[in-house]
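# Sequence first, predicted model second:
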Amino acid sequence: MTGKNDAVSRIEKRFAALKAEGRAGLVTFITAGDPDQETCAKLLAGLPAAGADVIELGMPFSDPMADGPSIQAANLRALAAGASLKKTLELVRGFRKGDDNTPIVLMGYFNPISAYGVDRFLADAKAAGVDGLIVVDLPPEEDDELCIPAMKAGIHFIRLATPTTDDQRLPAVLQNTSGFLYYVSIAGITGAAAPDTAAVAAAVARIKKHTQIPVAVGFGIREGRRAAEIAAIADAAVVGSALVERIGEAKDKGLDPVEHMLALVRELGSAVRNARKVAA
């Protein structure tokens, strides 16, 4: 998908650039409005220079059932500070004033989007500079709800695949997926145990027999070493729970949340950039 005007999207440009550089990307996740709107804006602004190639921005929701304790806590912190979907789009607009290149993907659940109004949301998201959506509770059977309208609006719809997504199910998952596929390396909630690298490598190879779009792998990546292992076998490594934990830690310990979180991003970014050199 390249949108209504057939322009190459930020996501497509970024993954093409990564391929040209011969390396995988780092996809970072934080929750919009965590720990508050102003601090979150600073976190967002600092991510690209620290090493983030693509940013996933969580849409705060009171019942994030697919997420583990860390991201649930981030949602609660954000909502307590007054976060909303409208303010999430404001964060993206503010980010775009200083960065027109780094892709931003909104990730979350359909309920807040439905309450906002699908058509209004897609128009406002596109205008703000959103490049893609990951909506974890909308299966392919419900593509008419949001996926198809998003594609028509020029916004990528990024689907999740898991270890239980077999070869019979995979074509349905891939049918309207664009931008990249997010492979969840562990069955369960976010922040779970570390993935088995050999199993992930086999899964990525199997998925690539069915599609040419990039495959990003997430869940269980908490430090540079693990990120490098994933970056050696996938098109991108996704890190979320470890980053939002840093934000929570900073608040609890009286540290600067921006520097505390970005320090880990710098470690991850360096590991991802050097992963294939080390593997070679």
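Looks like it arrived, so ask away.
# only C-alpha atoms for contact and neighbour calcs from this point on.
OK.
# need the contact list for residue 11.
Residue 11 makes contacts with 54, 102-103, 131, 179, as judged by Cα atoms under 8 Å, 6 or more residues apart in numbering.
# Quick check: it vs residue 50, distance?
According to Cα to Cα, to the nearest Å, residue 11 stands 18 Å off from residue 50.
# and residue 88, how many neighbours?
By the criterion of other Cα atoms under 10 Å, residue 88 has 24 neighbours.
# Phi first, then psi, for it.
Here is the backbone geometry of residue 88 (degrees, to the nearest 10): phi -60, psi -40.
# ditto for residue 26
Per degrees, to the nearest 10, the backbone of residue 26 is at phi -110, psi 120.
# Which elements pack onto whatever helix or strand residue 173 lives in?
Element membership for residue 173, per DSSP states H and E: helix 170-174. Where contact means 3 or more Cα pairs under 8 Å, 6 or more residues apart in numbering; DSSP states H and E, helix 170-174 is packed against strand 160-161.
# Would you map the helices across the stretch 151-280 of the chain?
Along the stretch 151-280 of the chain, the segments classed as helices by DSSP state H, counting those that start in this stretch run 170-174, 197-208, 224-231, 241-253, 257-279.
# Poorly predicted segments of the stretch 1-150 of the chain, please.
In the predicted model, the stretch 1-150 of the chain carries pLDDT under 70 at residues 1-6.
# Mind jotting down where the helices sit in it?
Assigned by DSSP H, counting those that start in this stretch, the stretch 1-150 of the chain shows helices spanning 10-21, 37-50, 69-80, 85-96, 110-116, 118-128, 147-152.
# Quick one: closest of these to residue 241.
Checking the helices of the stretch 1-150 of the chain against residue 241 by Cα to Cα gives helix 69-80 as the closest, at 5.8 Å.
# before we move on, the earlier item: deepest in the core, which of the helices of the stretch 151-280 of the chain is it.
Counting by mean count of other Cα atoms under 10 Å, helix 224-231 has the highest mean neighbour count of those, with a mean of 23.
# which other residues reach that helix?
With contact meaning Cα under 8 Å, 6+ apart, helix 224-231 is reached by 23-25, 197, 200, 217, 221, 236-237, 267-272, 274-276.
# Buried ones in stretch 12-21, by neighbour count?
Neighbour counts over stretch 12-21 (16 or more other Cα atoms under 10 Å) mark 12, 14-15, 18 as buried.
# right, and residue 76 touches residue 59 too?
No. With contact defined as Cα atoms under 8 Å, residue 76 does not reach residue 59; the gap is 11.5 Å.
# Against residue 217, how distant is the residue lying closest to residue 171 once chain neighbours are set aside?
Leaving aside its chain neighbours, residue 171 sits nearest to residue 210 (7.3 Å; criterion: Cα to Cα, 6 or more residues apart in numbering). Separation of residue 210 from residue 217 (Cα to Cα) stands at 16 Å.
# The two: which has the busier surroundings?
Counted by other Cα under 10 Å, residue 210 and residue 217 do not tie: residue 217 has more neighbours, with 32 against 12.
# residue contacts, that one?
182-185, 230, 234-238 are the contacts of residue 217 under Cα under 8 Å, 6+ apart.
# if we go to 10 Å?
By Cα atoms under 10 Å, 6 or more residues apart in numbering, the contact set of residue 217 is 26-27, 160-162, 181-186, 195, 200-201, 204, 227, 230-231, 233-239.
# got it, and residue 256?
By Cα under 10 Å, 6+ apart, residue 256 lies in contact with 39, 246-247, 249-250.
# List the contacts of stretch 264-272.
By Cα under 10 Å, 6+ apart, stretch 264-272 touches 23-28, 46-53, 221-232, 236-239, 242-243, 246, 259, 262-263, 275, 278.
# just to revisit the earlier point, using CSV, please lay out the buried residues of stretch 12-21 together with distance to residue 86.
Below are those laid out as CSV (distance: Cα to Cα, whole Å):
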residue, distance to residue 86
12, 26
14, 26
15, 29
18, 32
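# out of those, who's nearest residue 92?
Set against residue 92, the nearest of these by Cα to Cα is residue 14 (17.7 Å).
# The closest one is in contact with residue 54, isn't it?
Yes. Counting by Cα atoms under 10 Å, residue 54 is a contact partner of residue 14 at 7.9 Å.
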